[in-house]
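Participant: after the sequence you'll find the predicted model.
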Amino acid sequence: MAYPLHEISSILLGSHEATSPRLALRWLRERTRNVTDQLDTAYAQPGRYWLRDEHEHERALTYLITGTAYQLTLHDENTRYVLVAYPPGVTS
């Protein structure tokens with residue numbers, strides 16, 4: 001979801017029903033790359049770091065395998081982007 005500053009409603013950035021925790025993590029990486037590619041360099045750095053952080057990916061995968069959602073939040077000066085992967089079979 002994207003939450004624009006000074007707006008009442010949020011914007012859905014997309015969704016996908018993955019059949020496994022590993023596929024859910026892959027989707028999260030793809031969405032993170034999409035958002036990061038659209039941010040100015042300074043705001044993109046946390047997302048780019050996360051994309052290279054294999055230890056954090058393993059932690060996210062562990063969350064998903066054990067039934068816990070994993071959330072990544074990025075932002076720029078106008079919008080907060082909240083990317084969430086839920087364990088397969090869970091929608092919120």
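Facilitator: Nice, I can see it. Numbering: from 1, shown residues only.

Participant: all helices of this structure, in order?
Facilitator: 21-38, 41-52, 54-65 (DSSP state H).

Participant: most packed of these?
Facilitator: helix 21-38 (a mean of 17; mean count of other Cβ atoms under 10 Å). Quick note: C-beta positions are derived from backbone N, CA and C, even for glycine.

Participant: determine the set of other helices and strands touching it.
Facilitator: Under the contact criterion of 3 or more Cβ pairs under 8 Å, 6 or more residues apart in numbering; DSSP states H and E, helix 21-38 touches helix 41-52, helix 54-65, strand 70-75, strand 79-85.

Participant: mind listing what's buried along the helix or strand bottoming out on mean pLDDT in the chain?
Facilitator: Lowest on mean pLDDT, DSSP states H and E among the helices and strands of the chain sits strand 2-4, with a mean of 91. Counting neighbours by 16 or more other Cβ atoms under 10 Å, one finds that the buried residues in strand 2-4 are Ala2.

Participant: elements contacting it?
Facilitator: Looks like strand 2-4 contacts strand 79-85 (3+ Cβ pairs under 8 Å, 6+ apart).

Participant: for Thr19, which of the helices and strands packed on helix 21-38 is the nearest?
Facilitator: helix 54-65 (12.0 Å; Cβ to Cβ).

Participant: circling back to that earlier point, figure out which of the helices and strands packed on helix 21-38 is closest to Arg22.
Facilitator: That would be helix 54-65 among the helices and strands packed on helix 21-38, by Cβ to Cβ, at 6.6 Å.

Participant: by contact count, what packs against that closest one?
Facilitator: So helix 54-65, by 3+ Cβ pairs under 8 Å, 6+ apart, packs with helix 21-38, strand 70-75.

Participant: out of the ones you listed, nearest to Ser9?
Facilitator: strand 70-75 (17.5 Å).

Participant: could you give the angle of the closest one to strand 79-85?
Facilitator: 170 degrees (axes from the mean of the first three to the mean of the last three Cα atoms, to 10 degrees).
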